[in-house]
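# Here is a sequence together with a model predicted from it:
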Amino acid sequence: MSDTDTRDSGESLRTPIVAVLGHVDHGKTTLLDKIRGSAVSEGEAGAITQHIGATAVPLETVSNMAGSLVDPDDFDLPGLLFIDTPGHHSFSTLRARGGALADIAVLVVDVNDGFQPQTVEAIDILRRTGTPFIVAANKIDTTPGWNAQDGSPIQGTYDAQSDRARSMLDENLYELIGNLSDEGFSADLYWRVQNFQKNVGVVPLSAITGEGIPDLLAVLMGLSQRYMKEEMEIDVDGPGKGTVLEVKEEKGFGATLDVVLYDGTVREGDTVVVGGTNDPIVTEVRALLQPRPNAEIRTEKRFDKVDSVGAAAGVKIAAPDLDEAMAGAPVR
């Protein structure tokens with residue numbers, strides 16, 4: 001009997017919420033775009049769903065992109081939900097259940113540039129919120145003399161390099177591991193890490209060529225499955241719980257909430273309570289909106305109306321009286 005058969009009918013496993021943080025220009029957006037784009041180019045129907053401020057990558061797609069590194073039969077979590085955090089300030093206010101909204105984070109660092117002020121700022125937030133994280137050592141393809149192997153797992157592409165390119169990359173990686181040590185984190189290349197609860201795994205990758213992205217997805221799935229499965233158990237039929245990412249004016253709807261839902265379900269017509277500037281706002285859901293599939297949310301103007309949304313997901317809630325709602329506030 002798998003444990004899926006013994007769970008209550010209302011209990012189900014939600015997608016882990018993954019935040020992507022890092023210094024400006026170190027490749028956060030490029031990394032997300034690469035993951036989205038690769039999934040789209042895999043040509044699977046509905047391979048990726050674009051949510052409000054979030055991108056859902058189902059297990060099947062993760063497995064296709066990660067190849068032999070992720071066997072879908074080994075996992076019962078449904079995939080990964082990446083949230084786009086516009087900046088650290090918003091990330092530090094995004095909280096759920098007293099902890100950070102994200103279950104796990106990816107800290108993107110340019111392997112040539114090392115730690116920058118915003119990298120340190122991001123680490124401080126992760127430390128404060130107790131969010132487990134892995135480091136994506138990005139831009140390995142800019143190593144002089146690099147011979148790119150598009151989309152390949154890191155060990156395969158590393159072996160294909162000249163001794164000179166390898167030693168230059170090694171030097172940068174060890175410096176990065178040293179930076180983490182200076183910040184009080186014991187870290188190593190992810191395949192050498194025995195215990196991820198004590199050590200931070202570093203995944204060398206390129207958001208441009210896709211090298212090392214299979215490893216990143218495999219590590220995220222593996223850590224979520226191994227250490228966070230219990231936290232992913234939710235009551236799907238229960239009342240929705242979420243956090244406001246942004247409050248935005250939408251034509252025809254007035255002020256709307258971009259929300260990441262991390263528990264339960266929210267339905268059209270539900271009464272919701274959301275934190276406001278002065279008092280809690282009690283209002284009724286007039287419409288739930290989701291972007292068209294694969295549309296980048298920041299530029300997407302066309303939405304589909306849906307009747308209900310279950311966790312974990314990003315959704316736009318349209319309701320009266322939301323003008324004073326606050327980003328980072330809870331929604332119930």
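Noted; the coordinates are in hand.

# can you tell me which residues contact Arg275?
I think there's a mix-up here, since residue 275 is Gly and not Arg. Val244, Ile281, Ala325, Met326, Gly328, Ala329, Pro330 (CB atoms under 8 Å, 6 or more residues apart in numbering). No exception for glycine: its C-beta is placed from N, CA and C like everyone else's.

# Check pLDDT for these and point me to the minimum.
By pLDDT, Gly328 ranks lowest within the contacts of Gly275, coming in at 87.

# Which parts of the stretch 101-250 of the chain are strands?
All strands of the stretch 101-250 of the chain, identified by DSSP state E, counting those that start in this stretch, fall at 104-110, 133-138, 187-189, 200-204, 233-235, 241-250.

# can I get those strands in CSV with distance to Arg267 and mean neighbour count?
As requested, the strands of the stretch 101-250 of the chain are exported to CSV (distance: least, CB to CB, whole Å; neighbours: other CB atoms under 10 Å):
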stretch, distance to Arg267, mean neighbour count
strand 104-110, 28, 24
strand 133-138, 34, 26
strand 187-189, 44, 19
strand 200-204, 39, 24
strand 233-235, 15, 17
strand 241-250, 13, 20
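
# before we move on, back to that, I'd like to know which of the contacts of Gly275 are buried.
Those of the contacts of Gly275 that meet the buried threshold are Val244, Ile281, Ala325, Gly328, Ala329, Pro330, by 16 or more other CB atoms under 10 Å.

# Sitting in strands, which of the residues you listed do you find?
Counting by DSSP state E, these place Val244, Ile281, Pro330 in strands.

# Of those, just say which sits nearest to Arg14.
Pro330 (17.1 Å; CB to CB).

# about what we covered before: with distance to Ala311 added, can I get the strands of the stretch 101-250 of the chain in a markdown table?
Compiled in a markdown table, the strands of the stretch 101-250 of the chain are given as follows (distance: least, CB to CB, whole Å):
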| stretch | distance to Ala311 |
| --- | --- |
| strand 104-110 | 16 |
| strand 133-138 | 22 |
| strand 187-189 | 31 |
| strand 200-204 | 27 |
| strand 233-235 | 6 |
| strand 241-250 | 8 |
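
# got the buried residues for stretch 13-26?
Neighbour count says stretch 13-26 has Leu13, Arg14, Thr15, Pro16, Ile17, Val18, Ala19, Val20, Leu21, Gly22, His23, His26 buried, by 16+ other CB under 10 Å.

# scratch that, stretch 266-286
Val266, Glu268, Asp270, Val272, Val274, Gly275, Gly276, Ile281, Thr283, Val285.

# I figured the fourth one hits Ala325, correct?
No: Val272 is not in contact with Ala325 according to CB atoms under 8 Å; the separation is 10.1 Å.

# any idea how far the residue nearest to Thr157 when sequence neighbours are not counted lies from Gly240?
Spatially, and ignoring its direct neighbours in sequence, Thr157 is nearest to Gln149 (4.1 Å; CB to CB, 6 or more residues apart in numbering). Gln149 sits 44 Å away from Gly240, taking CB to CB, to the nearest Å as the criterion.

# Can you flag which of the buried residues of stretch 13-26 belong to strands?
Leu13, Ile17, Val18, Ala19, Val20, Leu21, Gly22.

# so who does the fifth one touch?
For Val20, the contacting residues are Lys28, Leu31, Leu32, Phe82, Ile83, Asp84, Thr85, Ala105, Val106, Val108, by CB under 8 Å, 6+ apart.

# cool, and the fourth one?
Listed by CB under 8 Å, 6+ apart, the contact partners of Ala19 are Phe82, Ile83, Thr85, Phe91, Ala100, Leu101, Ala102, Ile104, Ala105, Val106, Thr131.

# got those residues as TSV, with pLDDT and distance to Phe185 columns?
Below are those laid out as TSV (pLDDT from 0 to 100; distance: CB to CB, whole Å):
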residue	pLDDT	distance to Phe185
Phe82	90	22
Ile83	84	22
Thr85	61	20
Phe91	64	18
Ala100	73	17
Leu101	84	21
Ala102	89	17
Ile104	94	15
Ala105	93	13
Val106	95	15
Thr131	90	13
